[in-house]
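>>> Kindly return the folded structure for what I paste below:
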Amino acid sequence: MTEFRLKDEYIKLGQLLKAAGLVGSGVDAKMVIQDGLVKVDGQVDTRRGRKIYEGMVVEFQGQQVKAVR
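Residues are numbered from 1 along each chain as shown. Predicted structure coming up:
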């Protein structure tokens, strides 16, 4: 599991996928989220604007990223 350091209180799910290098672009992030391929804390989440706070774990294609401060 890798860690992603938050600059603010939260980051949106689509932005995190792109910033953490899990997808190549915002469009890619939108597509994989809409297709139900992304999990937040173990649950599929199809909301690109989902706010990711400290301690939350995002998973895509077997890679996990934990938001930290």
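>>> And the pLDDT for Met1?
Note for Met1: predicted pLDDT of 92.
>>> who are the neighbours in contact with it?
57, 64-66 (C-beta atoms under 8 Å, 6 or more residues apart in numbering). Quick note: C-beta positions are derived from backbone N, CA and C, even for glycine.
>>> Sort out which one of the residues you listed lies nearest Thr2 for me.
Here the nearest of these to Thr2, counting by C-beta to C-beta, is Val65; it sits at 5.4 Å.
>>> State the three-state secondary structure for the closest one.
Look at Val65: counting by DSSP: H, G, I helix; E, B strand; the rest coil, its state is strand.
>>> Isn't it up against Leu16?
Yes. Taking C-beta atoms under 8 Å as the contact criterion, Val65 and Leu16 are neighbours in contact, 6.8 Å apart.
>>> Now the terminal residues of stretch 22-40, how far apart.
Looking at stretch 22-40, the gap from its leading to its trailing residue is 14 Å under the measure C-alpha to C-alpha, to the nearest Å.
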